[in-house]
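**Q** What would the 3D arrangement of this be:
(2 chains)
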2 protein chains.
Amino acid sequence: MEIISGLTLVSKSNFQLNVINILKHAVRNFGRQEILSRRPDGTLFRYTYRDAYERVQRLANSLHSIGLQTGDRVGVLTWNTHENFEIYFGLPGIGAVMLLLNARLVPSELKYIIKHAEAKFLIVDESLLSIAEKIIPSCKGIKGCIIITERQLSDLTTELHPIYAYEELLYNADPRYNWPHIEENSIYSACYTTGTTGKPKGVYSSHREVYLQALMYAINARFSVNDCIFQIVPMYHVLGWGTPQAAILVGAKLVLPGNYNLNQVPSLIDIMIREKVTIFNGATAFIMPMLEFIQQMDLKPDFSGVQFICGASEPPLELMKRYKELTGAEIIHTYGSTEAMAIVTINQPKPWLENNLTREEKWELKRKQGYVVVGLDVKIVNSEGADLPHDGKSTGEILLRGPWVTNIYYNSSGTEDLFTEDGYWKSGDIGCLDSEGYLKITDRLKDIIKSGGEWISSIDLENAISSLSTVLEAAVVGIPHPKWQERPIALVVPRNNLVKKKHILEHLITKFAKWQLPDEILFVTEIPKTSVGKIDKKNIREAYKSVYTDNYSNK
Amino acid sequence: MEIISGLTLVSKSNFQLNVINILKHAVRNFGRQEILSRRPDGTLFRYTYRDAYERVQRLANSLHSIGLQTGDRVGVLTWNTHENFEIYFGLPGIGAVMLLLNARLVPSELKYIIKHAEAKFLIVDESLLSIAEKIIPSCKGIKGCIIITERQLSDLTTELHPIYAYEELLYNADPRYNWPHIEENSIYSACYTTGTTGKPKGVYSSHREVYLQALMYAINARFSVNDCIFQIVPMYHVLGWGTPQAAILVGAKLVLPGNYNLNQVPSLIDIMIREKVTIFNGATAFIMPMLEFIQQMDLKPDFSGVQFICGASEPPLELMKRYKELTGAEIIHTYGSTEAMAIVTINQPKPWLENNLTREEKWELKRKQGYVVVGLDVKIVNSEGADLPHDGKSTGEILLRGPWVTNIYYNSSGTEDLFTEDGYWKSGDIGCLDSEGYLKITDRLKDIIKSGGEWISSIDLENAISSLSTVLEAAVVGIPHPKWQERPIALVVPRNNLVKKKHILEHLITKFAKWQLPDEILFVTEIPKTSVGKIDKKNIREAYKSVYTDNYSNK
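**A** This next block holds a predicted model:
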């Protein structure tokens, strides 16, 4: 990517985009706004931006006091709590790198990541201490551990050493800190992608990237000071999809759910109602079972006007309709990735479409991933790398570049070919762009089923099967086939015992060519998932790899 | 301002913030959205973003075809028209610098600016050709002139040479252009401030600055694709306060008023109603007489829900109340400057104030300039440069720095002390900040006179009058005027009895535009002075404050 210079003035623009400025300035204007955090017992901790900022400054001083320096990597293993919010600003604010650690990864993966990042310290929630204890002894680089706990350090039993208690550190620290101006290309956070094959790959995002993403997201999600934003997306996933920064940028109220799982859905819904949540973000994998719960409620919650910003995978049409029908909530479909610093597309309406499309066309439009936000370059290319037209039909791999899209994996030789020479990241997703700029993902490059030289979209099949009322969930993968190279197989979790293979096939044949249908439909009790809640196709392919080859030889 | 580096990866973030990308990407998503432009006969020209973008590409090719290159400065002397919109993107898009020329300046000022900027070309609207003819012959650097006209070049009578017709150039140009990636600190536009003493000073704004300002403004003014934005602020004033870029970033409909003055108010109101304008921007000096007109209308226009983004000077409380009462429009008070790339503060409500303040307190709050937008550092300092508290009482000079605040005037030695060593620009305005972040301007350090949205330097007038041999001393201040907000009044101490008002005016008209002249010249025996012997303008303003308001009511 050749860059030319126009007229330049030597001293121009040395004011750097630093993420801490978002908080500093938000406190100046919205100091009385609230941040809430759900405690383990379900009650709510509640403080203001101003209170939070004092603790962020105490944290910055604390981090220096235990020897951390500019450029050091610090692993963070915790939930969506107010302490995590403080770490989001205080840790990178001193120029250190916040290494996001997914609490749902297995210890061996966490070890790999911590070693690869050369982390010097770990900040860990007390509830995750047992994980830390499994990891740290073999990570020689780790010089100490800060434990987030309300207990005294002396009350904790652990072999880790040295350890510090988060609250004690803050209590003893100065409440004023003089933030350095950090060169904006300095790294703010490191997040490792684990969804693809091979070793986890480190996406290291700079202050500049995070700052620009926050500005863009606030505009596109239309956040304002009147919003109350429920940060459901785990903050160890690509910065909670960028929401915390965008939320405070506009002065919105922020609610953090703490450590939660599906059993806490009633408590989360209760918070939504009491705190008048207007924006909710969450993976499809979470809002799907949440709907199951809502369906069983006698009195449905009123979420009219609430936007459910939904990502990680495509929300089925039926899900979007049911949410609207039962609660009034609007599902806003987004698409993103760790490499692109969270949000790439957002499915916002446009007046000329709202006024001209039929009701059904509008629902169909909502199934698309949304338009690629202003600021990003996007290309759809065929297998030879040639540009395809944006006609809503031509499908190919999606390439992205822009001010917050990474163009390198950290210390990962052999990954260079995942980027193009002119700075595009090859997303590995297959899709098409229509003339209105809406992107439709049809599959992952590696999940597309190659049958007899033709492509079959595993996602289209999954969505079609899932749309049946008798089906709870479905996964489709391609597995080796001696004649056709690959053929689709479907795993189906039934909602009830009314579901029959015959019905599924009868339904599919109305939407697909006969050769595109799965040869086998297997009923299972659970679909394997990755740590980020996506269908684990790699594992499914492995587990079922011999079904057609064995069957075939028997036939 | 010391900048430290954290962990940096060599190849990170070479994707530059280029303003043309805002348009390119807006066309991808909002290609069907409309841009309207009022023609001289009052009818509306109407096209889409997509149409505009084709013409912007033709313009880029045209500019190359007449020999313009990266880094060249090109003066632009025109109104808020669709051609100006095209120039806003096409001209800096090739890496050239858009030199904004205020059509209401006198030729000597325009000459100074063009020479100082070393402009190579001029783009001028046919209606302003007579001004260009006065300037160009003495500006040797100008190599040619593009005239915006619907006529054939051969139908124009002018001595200028060489000339090109805008439409002919575009017609003959290729409709596809491959935009270069411009290093983001390259200059996008140059805008000269003429309000202060001395020669005009050039604020040269980079692509990065303009891009970031657009993102920030879209968030703070809460623009969306559902908005219809009326660009009343002249686009030769600090990029029309940054609205055109922010408008297309979100896909809003944009309406441009063309060449207008107060006589066209009925036509503008008519457009607002017909096109369903939701955002209007304009100087207080314009919306004040606009209200006069509305008061006389039998059927008041319904502007409920419409935001009047108002700046340049403080809108009187009564004005805000009357707008609300008569039309339903909400006045949103903003404060900005050329040096800060337009918007510094915006007076948006906050829920905790809305819910707790009385009706009258809310009106009082609306009289403040608004909160300093997130992204900017602000300080209030006393005359020794020491920080003052943000208590809503302590007043001092307002200092600003941030990603879009300039830290240098172009080629202006002697202006270095208008910036601090740590990168703040000294605004010259006096004010205070309250604990909610709202800024209140209480005075101006420099006694500039704001008349009808334009600035008149009191000191320049004083110097000109004093230069007459018949004059001993002169003082000029701005005092309230019901129509123009402020108008100059001159106090003159005669040296002898030969001096006549007529002679003073005849002398001034050789150096100033007619509208810059004092409406009243009063002969006095003494000019009030401060204890250190400076002209006591504060006292003079107080003593003569009613001269124009009383006169007005007598008329």
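**Q** Let me see the backbone angles for residue A:288.
**A** Backbone torsions for residue A:288, taken as degrees, to the nearest 10, come to phi -70, psi -60.
**Q** tell me the contacts of it?
**A** By CB atoms under 8 Å, 6 or more residues apart in numbering or on different chains, the contact list for residue A:288 reads A:315-316, A:319, A:473. In this view, the C-beta of every residue, glycine as well, is placed from N, C-alpha and C.
**Q** what do you get for residue A:505?
**A** Contacts of residue A:505 (CB under 8 Å, 6+ apart): A:517, A:521.
**Q** Secondary structure class of it, three-state.
**A** Classification of residue A:505 using DSSP: H, G, I helix; E, B strand; the rest coil returns helix.
**Q** okay, it: pLDDT?
**A** Here, the pLDDT recorded for residue A:505 equals 94.
**Q** do the same with residue A:360
**A** Reported pLDDT for residue A:360: 95.
**Q** repeat for residue A:519
**A** So residue A:519 comes in at 94 (pLDDT).
**Q** ok, then the element right after the longest helix along chain A?
**A** If you go by DSSP state H, chain A has its longest helix at helix A:49-65. Per DSSP states H and E, the first helix or strand lying C-terminal to helix A:49-65 is strand A:73-77.
**Q** by how many degrees do that next one and helix A:49-65 diverge?
**A** Put simply, strand A:73-77 runs at 130 degrees to helix A:49-65, going by axes from the mean of the first three to the mean of the last three CA atoms, to 10 degrees.
**Q** Buried residues of stretch A:389-405, list them for me.
**A** For stretch A:389-405, a neighbour-count test (16 or more other CB atoms under 10 Å in any protein chain shown) marks A:390, A:395-405 as buried.
**Q** farthest-separated two in these?
**A** Among the buried residues of stretch A:389-405, the pair separated by the greatest distance (CB to CB) is A:395 and A:403, at 26.7 Å.
**Q** all helices of the stretch 351-500 of chain A, in order?
**A** If you assign secondary structure with DSSP state H, counting those that start in this stretch, the helices in the stretch 351-500 of chain A sit at A:351-354, A:359-366, A:458-466.
**Q** Who are the packing partners of the longest one?
**A** By that I understand helix A:458-466. Applying 3 or more CB pairs under 8 Å, 6 or more residues apart in numbering or on different chains; DSSP states H and E, we find helix A:458-466 packed against strand A:438-444, strand A:471-481, strand A:485-494, helix A:501-509.
**Q** Tabulate the ones you listed in CSV, adding columns for distance to residue A:227.
**A** As requested, these are arranged in CSV below (distance: least, CB to CB, whole Å):
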stretch, distance to residue A:227
strand A:438-444, 25
strand A:471-481, 31
strand A:485-494, 35
helix A:501-509, 40
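**Q** Can you give the domain ranges for chain A?
**A** Using automatic domain parsing, the domain parsing of chain A gives A:15-32+A:46-210, A:447-554.
**Q** Determine which of those shows the lowest mean per-residue pLDDT.
**A** The weakest mean pLDDT among those belongs to domain A:447-554, with a mean of 87.
**Q** Return the residues of the stretch 301-450 of chain A in contact with chain B.
**A** Counting by CB under 8 Å from any CB of the partner chain, the positions of the stretch 301-450 of chain A adjacent to chain B are A:348, A:350-352, A:371-378, A:390, A:401-403, A:405-408, A:410, A:423, A:435-437.
**Q** Taking the stretch 51-200 of chain A, what residue is nearest to chain B?
**A** Proximity of the stretch 51-200 of chain A to chain B (CB to the nearest CB) peaks at residue A:186, 3.1 Å away.
**Q** Okay, and the beta partners of the closest residue to residue A:412 other than its chain neighbours?
**A** Nearest non-adjacent residue to residue A:412, counting by CB to CB, 6 or more residues apart in numbering or on different chains: residue A:201, 5.4 Å away. Going by DSSP bridges, residue A:201 is paired in beta bridges with residue A:193.
**Q** what's the burial count for residue A:201?
**A** The local packing of residue A:201 (other CB atoms under 10 Å in any protein chain shown) involves 22 other residues.
**Q** how about it, what does it touch?
**A** Taking CB under 8 Å, 6+ apart, we find residue A:201 in contact with A:192-193, A:409-410, A:412, A:415.
**Q** Buried by neighbour count, from the residues of the stretch 301-450 of chain A next to chain B: which ones?
**A** A:348, A:350-351, A:371-378, A:390, A:401-403, A:405-408, A:410, A:423, A:436-437.
**Q** if we can go back for a sec, which one of the contacts of residue A:288 is nearest residue B:175?
**A** Closest to residue B:175, out of all of the contacts of residue A:288 and judged by CB to CB, is residue A:315, at 39.7 Å.
**Q** Roughly how far does the residue of the stretch 401-550 of chain A found nearest chain B sit from residue A:37?
**A** Of all residues in the stretch 401-550 of chain A, the one sitting closest to chain B is residue A:437 (3.8 Å; CB to the nearest CB). With distances taken as CB to CB, to the nearest Å, residue A:437 is found 37 Å from residue A:37.
**Q** Also residue A:126?
**A** Counting by CB to CB, the gap from residue A:126 to residue A:37 is 15 Å.
**Q** Settle it for me: which of those two has more neighbours?
**A** Using other CB under 10 Å, the more surrounded residue of residue A:126 and residue A:37 is residue A:37, with 23 against 18.
**Q** Can you read off the pLDDT for the more buried one?
**A** 98.
**Q** Name the surrounding residues that touch stretch A:542-553.
**A** Counting by CB under 8 Å, 6+ apart, A:477, A:479-483, A:487, A:489, A:491, A:519-520, A:522, A:528 sit against stretch A:542-553.
**Q** Specify the local secondary structure of the residue of the stretch 201-350 of chain A found nearest chain B.
**A** The minimum distance from the stretch 201-350 of chain A to chain B, using CB to the nearest CB, falls at residue A:215 (4.3 Å). Three-state assignment for residue A:215 (three-state DSSP): helix.
**Q** right, and it touches residue B:215 too?
**A** Yes: at 4.3 Å, residue A:215 counts as touching residue B:215 under the criterion of CB atoms under 8 Å.
**Q** Tell me which of the domains of chain A is the most buried.
**A** For the domains of chain A, the largest average neighbour count (mean count of other CB atoms under 10 Å in any protein chain shown) is found in domain A:15-32+A:46-210, namely a mean of 20.
**Q** quick revisit: output the helices of the stretch 351-500 of chain A in CSV; the columns should cover distance to residue A:270.
**A** Below are these laid out as CSV (distance: least, CB to CB, whole Å):
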stretch, distance to residue A:270
helix A:351-354, 33
helix A:359-366, 28
helix A:458-466, 28
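**Q** Ok, which of those helices comes nearest residue B:462?
**A** Residue B:462 sits nearest to helix A:351-354 of all those, at 53.7 Å, using CB to CB.
**Q** Does anything pack onto that closest one? Which helices or strands?
**A** Applying 3+ CB pairs under 8 Å, 6+ apart, one finds that helix A:351-354 makes contact with helix A:359-366.
**Q** how about the CA coordinates for the helix it packs on, as PDB?
**A** C-alpha atoms of helix A:359-366 as PDB (Å, rounded to 0.1, in the frame of the first residue of the first chain):
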ATOM      1  CA  ARG A 359     -42.700  -6.700   5.800                       C
ATOM      2  CA  GLU A 360     -41.200 -10.000   4.700                       C
ATOM      3  CA  GLU A 361     -38.400  -8.300   2.700                       C
ATOM      4  CA  LYS A 362     -37.500  -6.300   5.800                       C
ATOM      5  CA  TRP A 363     -37.200  -9.500   7.800                       C
ATOM      6  CA  GLU A 364     -35.100 -11.000   5.000                       C
ATOM      7  CA  LEU A 365     -32.900  -7.900   5.100                       C
ATOM      8  CA  LYS A 366     -32.400  -8.400   8.900                       C
END
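**Q** Name the residues of the helix or strand containing residue A:268 that come out as buried.
**A** Counting by DSSP H and E, the element that carries residue A:268 is helix A:265-274. If you call a residue buried by 16+ other CB under 10 Å, then helix A:265-274 has these buried ones: A:265, A:268-269, A:271-272.
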